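# structure for this input, please:
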Amino acid sequence: MRVSLKAKLIAAFALVALIPGIASTIVGIRLLGERVVKQAQEKVSYDLNTARIIYGNRLSYVRTVALDTAMRFVTRDALSGRNSKVLSTTLEKTRKDRSLDFLGLVGADGKVISRAQNMQSASDSLAGDPVVRKCLDSGKATSGTVIMMEKRLLKEGGHLAGRARVEILPTPHAATRADKIETSGMVMEACVPVFDETGNLFGAVYCGCLLNGSHDIVDEVKETAYKGLTYGGKDIGTATIFQGDLRISTNVHLSDGSRAIGTRVSEEVNRRVLKEGGLWTGPAFVVNDWYLSAYEPIRDVEGTVIGMLYVGILQQKYSDLRRNTVYLFLFTAALGIIGALAAGYLLAVKISRPVSALALASRKLSKGDFSASVSKTSEDEIGDLEETFNAMALSIKERDENLKEETQRKLIQSEKLASIGRLAAGVAHQINNPLMSILIRSELLLRQAGNDSQREDLNVIISETNRCSQIVKGLLDFSRQSVPRKDSNDLNDIVSGAVSLLRTQAKVGDVQIREEYASGLTAITADQSQLREVLLNIALNSLDAMPDGGDVTFSTSSSKDGANLIISIEDTGTGIPPEHIQRLFDPFFTTKGRGKGTGLGLAVSYGIVNAHGGTIEVESTAGKGSKFKIILPVNPPAAGNPAEKALFGGQKDEDDKG
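Prediction:
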């Protein structure tokens, strides 16, 4: 199906616009989306640090109250057995003023001496309380978060057990949990030892705040980190304190607007934070919505994970921001693509019109209308092309006229050369017999000659007659152009056979012959005798080029595709000057001295190789040697190249007999 240039240009502009547009949109959306989420998640991590600081400050406050209480004289008096009535009043006042949930004194053995809210409940031991035990054992102030059982909460104040009691609500994505009610509470507790004047341990002050149902910490985190901002009617930021996986203090709300006390964390977060003790960040389903969240474990004074601290940002805000960004990117990309297509259409029209005119003029030119031309439409490359076309058309017209004249001249010259060739072949036939008669009679006279002067003259006659005979033979060979008698042959056998004929002459000239034949070569269809003649002609020239001895290397190989076989003949002789390489295969061209060559050997060789459908390549460096490469097809054409035959009229072998 033919597609116009204008359509291709428009399609190209569309692709150029679409590919970068789509790629940049995808990359931009992805990068911006990831950046938005990453920044939001980083903020959540910073907010978790804020929550940790606020949580730690509250625990430090409890510790400070305990230290202040322990430093009072009334505390020491109470522990020494004095002013017990004053003690109860003081403890309760301190508890209320400092917003504590419980406050009391224990002796050095861990037994309770007095409780602020429940003076009647005393003498029980708190040695099992990890904070109190660690304080009494170390003699140092201790604080931390602990789980307090319902029985202990009842003793510290009946209302505390009620606050701690939480109904466990079904929560999506939460782990399976069998119990329905949580009765224990999570408290911030501090204990400070009290010593007498001699440094002996009297006892200790303990106090704390129950986190269950107390929202001061989480609301302070929310106000500090998120300033009370909302999105879509929902708080952007939330904070929660977990007892285990249970929300006991939170500003996450249920659908009815109440705080989500009694709901639980997802199973994935449960496993990562509570069981593995690690930090968890990322999107999480919180009660009824998705939040970008951060959780970290809360540990007791012994390092056991007993709860979690959480902060989160409503994910919907960032999802909407990312979606709006996607729409903006798509809208911008669409505008860019439409603009690029419009510009591409206009440019395609501008380019295609002069190109169409050039195509039309080219078709006219191809049909022989040399008057075809185009008008210049612009000053850019298209205009240059139009000028070049007009110049080309004019040049073709001139060359066509010159070619006709040259062809006519060559046809006339070819006819003359053919006539000369036929004449040369006829003359060679006529001269050959008289030369043989002269040679035979001269040799008979030489045998009968009596003095040296006659013998010398006869030797000159014989030498020159032999020379004339060689010239006549070369002329006959060159003009004959006989058709090769081709059959299947092993190329290595052909080369080795030619080499065997050269060994004696090479030995006389102190030339070493090396043979490097490739194994497994495909059989070649060729005239064995003609190929050996080619090898001998080239090799004899190599021997003549090494008057002081040297090396000649015969090698065979195959082309990469296996369609051709290659014979290489490389010598270490005097080399061939660059100006002579182009004339090597010209008839009668020789660089040898008088009487040493006719200049027809390489011309005949070239004709034979050409008749086999092959070529001869020559590489040579003056003073370093030469390399001839004979490249022959495995399956040559049925008939030889007729180009050389035309030169001498195409005489056959039978014309040369006699």
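
# helix, strand or coil for the residue of the chain positioned farthest from its centre?
When distances to the mean C-alpha position of the chain are computed (CA atoms, centre = their mean), the maximum falls on residue 450, with 94.2 Å. Taking DSSP: H, G, I helix; E, B strand; the rest coil as the rule, one finds residue 450 in the coil state.

# again with residue 87
Assignment for residue 87 (three-state DSSP): helix.

# right, and it touches residue 114 too?
Yes - counting by CB atoms under 8 Å, residue 87 touches residue 114, with 5.5 Å between them. Glycine gets a C-beta too; all of them are placed from N, C-alpha and C.

# what helix or strand is residue 104 located in?
strand 102-107 (DSSP states H and E).

# which elements pack onto the helix or strand just after that strand?
Counting by DSSP H and E, the next helix or strand C-terminal to strand 102-107 is strand 112-115. Under the contact definition 3 or more CB pairs under 8 Å, 6 or more residues apart in numbering; DSSP states H and E, strand 112-115 sits against helix 73-79, helix 84-97, strand 102-107.

# select from the ones you listed the stretch with the lowest mean pLDDT.
Here the lowest mean pLDDT among these goes to helix 73-79, at a mean of 62.

# how far does the strand holding residue 104 sit from its chain's centre?
71 Å (CA atoms, centre = their mean, to the nearest Å).

# what's the angle from it to helix 84-97?
140 degrees (axes from the mean of the first three to the mean of the last three CA atoms, to 10 degrees).

# for stretch 489-509, which outside residues touch it?
With CB atoms under 8 Å, 6 or more residues apart in numbering as the test, stretch 489-509 has contacts from 512-513, 515, 517-518, 521, 523-526, 528, 531-532, 535-536, 539-540, 543, 546-547, 549, 552, 554, 556, 565, 567, 632.

# now do the buried residues in it.
Buried residues in stretch 489-509, counted by 16 or more other CB atoms under 10 Å: 489, 490, 491, 492, 494, 495, 497, 498, 499, 502, 506, 509.

# stretch 97-112 now?
98, 100, 101, 102, 103, 104, 105, 106, 107, 108, 110, 112.

# for the fourth one, name its beta-bridge partners.
It refers to residue 102. With DSSP bridges applied, residue 102 shows beta-bridge pairing to residue 208.

# how far away is it from residue 87?
Counting by CB to CB, to the nearest Å, the gap from residue 102 to residue 87 is 15 Å.

# the nearest residue to residue 443 once chain neighbours are set aside - how many residues pack around it?
Using CB to CB, 6 or more residues apart in numbering and skipping the chain neighbours, the partner closest in space to residue 443 is residue 462 (6.3 Å). For residue 462, the neighbour count with other CB atoms under 10 Å is 17.

# OK, contacts around residue 462?
By CB under 8 Å, 6+ apart, the neighbours of residue 462 are 439, 442, 443, 446.

# I'd say residue 157 and residue 104 touch.
No - Residue 157 is beyond contact range of residue 104, at 10.4 Å (criterion: CB under 8 Å).

# list the buried residues for stretch 279-290?
Within stretch 279-290, the residues that count as buried by 16+ other CB under 10 Å are 280, 281, 283, 284, 285, 286, 287.

# ends of that stretch, what's the gap?
18 Å (CA to CA, to the nearest Å).

# can you list contacts of it?
The contact list for stretch 279-290 (CB under 8 Å, 6+ apart) reads 41, 44-45, 171-173, 234, 238, 252-255, 260, 263, 266, 268-269, 272-273, 291-296, 312, 314-316.

# among those residues, which are in strands?
234, 238, 291, 292, 293, 294, 295, 296, 312, 314 (DSSP state E).

# type out the ChimeraX command that picks the buried ones from these.
Buried members of the ones in strands among the contacts of stretch 279-290, defined by 16+ other CB under 10 Å, are picked up in ChimeraX with:
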select :238,291,292,293,294,295,296,312,314
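
# closest to residue 37 among the ones in strands among the contacts of stretch 279-290?
Of all the ones in strands among the contacts of stretch 279-290, residue 37 sits closest to residue 292, with 7.2 Å by CB to CB.

# what sits against the closest one?
Residue 292 sits in contact with 37, 40, 41, 44, 282, 283, 312, 313, 315, 318, where contact means CB under 8 Å, 6+ apart.

# where's it relative to residue 43, distance?
Distance from residue 292 to residue 43, by CB to CB: 8 Å.

# pull up the overlap in contacts between these two.
By CB under 8 Å, 6+ apart, residue 292 and residue 43 have these common neighbours: residue 313.

# what's the strand holding residue 104 packed up against?
Strand 102-107 packs on helix 73-79, helix 84-97, strand 112-115, strand 201-210, going by 3+ CB pairs under 8 Å, 6+ apart.

# how far away from the center of its chain is stretch 438-454?
88 Å.

# ok, stretch 266-282 next?
38 Å.

# next, the buried residues of it.
Within stretch 266-282, judged by 16+ other CB under 10 Å, the buried ones are 266, 269, 270, 272, 273, 274, 280, 281.

# one more: stretch 571-586?
For stretch 571-586, burial by neighbour count (16+ other CB under 10 Å) applies to 571, 572, 573, 574, 575, 576, 580, 584, 585.

# if I look at the first one, how far off is residue 545?
Residue 571 sits 6 Å away from residue 545, taking CB to CB as the criterion.

# what do those two both touch?
residue 626.

# residue 117 looks like it's in a strand, true?
No - Residue 117 is assigned coil when assessed by three-state DSSP, not a strand.

# mind listing what it touches?
Taking CB under 8 Å, 6+ apart as the test, what residue 117 contacts is 92, 95, 102, 156, 157.

# now do residue 273
265, 279, 280, 295, 296, 297, 305, 308.

# now, the most widely separated pair of the residues you listed?
265 and 279 (14.0 Å).
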